[in-house]
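In: Here you go, sequence then predicted model.
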Amino acid sequence: SEETMIRSEKLALIGQLAAGIAHDIRNPLTSLKGFVQLLKYKNTDYVDIMMEELEHINYVVNEFMTLAKPHLSYYIACRAKELVQSVISFLQPHALLHNVQIQVEMDQEIPVITCIPDQIKQVLINVLKNAIESMDGGGLIQISCRNQFNRNLIISVKDQGVGISEERLAQLGEPFYTTKANGTGLGIMVCKRIVEGHGGTFSIQSELHQGTTVEIALPIGKTREYVTNKDHQDEGS
Ligand code: ADP
Ligand code: MG
């Protein structure tokens, strides 16, 4: 069936990803082991570094899990406004730490959307983290939520960061494409898969040294009937 095809496609992708992910997990683990050994000298500064490495492992594994088990989650009606706000609150301490201010502008009528809330949260976290990481000395992130003709919810995230050149923009979404020393290069790929899985679109506009705008469009309304059917099939198998 179509479901089986999708599943085997997913498995093939996971196979391809596994080697790279194992590599990604091994580096922080090696570093972690080294620092744990140094703990016998009782210098607690190392604990901070250990925590950072652990967070990185956690992040990689979370992204991997999102790819591996999307069929275990289900779609529910969800207040988009609250979802966006909860992600911003969650990342506020991280933003402050990097001297980044987050501004939000919402339309009066932000609709209820049918989505897998944890996945949409994951998308927003990935996008906001990228925005924060793009601004070395800090800066401003502008988020806007618009109701487009009661057809799409448009969430846009604009930063004032380093920007992305045209050649690099074309490479985004390829697994393991990263310009960061500690990057996974999985964030944008995961975002695209999730948003497209919701019947939406994920697009990036950028100008080098000016900043980047990510636009997430999620359908409002009846596109979701198809998703509901798919979910019922999943429950049965
Ligand atoms: P990672 O953040 O782990 O590198 P991503 O898939 O999230 O992986 O992003 C891939 C690459 O895309 C980043 O390494 C960076 O070069 C570029 N990028 C993503 N978002 C932004 C942004 N807001 N500003 C500048 N570059 C970005
Ligand atoms: Mg990222």
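Out: Great, that's in hand. Ligands and ions are numbered 1, 2, ... in the order given.

In: Report how many residues lie close to the closest residue to ligand 2 within the chain.
Out: When distances are taken as CB to the ion, the chain approaches ligand 2 most closely through residue 187, which lies 3.1 Å from it. Heads up, the C-betas are built off the backbone N, CA and C, glycines and all. Using other CB atoms under 10 Å, residue 187 has 23 neighbouring residues.

In: Repeat that for residue 212.
Out: The burial count assigned to residue 212 is 22, neighbours taken as other CB under 10 Å.

In: Find the nearest non-adjacent residue to it, please.
Out: Taking CB to CB, 6 or more residues apart in numbering as the measure, residue 212 lies nearest to residue 206, with 4.1 Å between them; neighbours along the chain are not counted.

In: And for residue 81?
Out: Closest residue in space to residue 81, ignoring its immediate chain neighbours: residue 110 at 4.1 Å, by CB to CB, 6+ apart.

In: close enough to count as contact, the one you found and residue 78?
Out: No: with the criterion set as CB atoms under 8 Å, residue 110 and residue 78 do not qualify as a contacting pair; they are 11.0 Å apart.

In: got any ranges where this protein has weak pLDDT?
Out: The chain contains residues with pLDDT under 70 at 1-20, 22-23, 40-43, 64-73, 222-237.

In: In it, what residue spans correspond to strands?
Out: According to DSSP state E, the chain carries its strands in the segments 76-79, 100-106, 112-115, 139-148, 152-158, 201-207, 211-219.

In: Could you export the ones you listed as TSV, including distance to residue 44?
Out: As requested, these are arranged in TSV below (distance: least, CB to CB, whole Å):
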stretch	distance to residue 44
strand 76-79	42
strand 100-106	28
strand 112-115	42
strand 139-148	32
strand 152-158	36
strand 201-207	40
strand 211-219	37
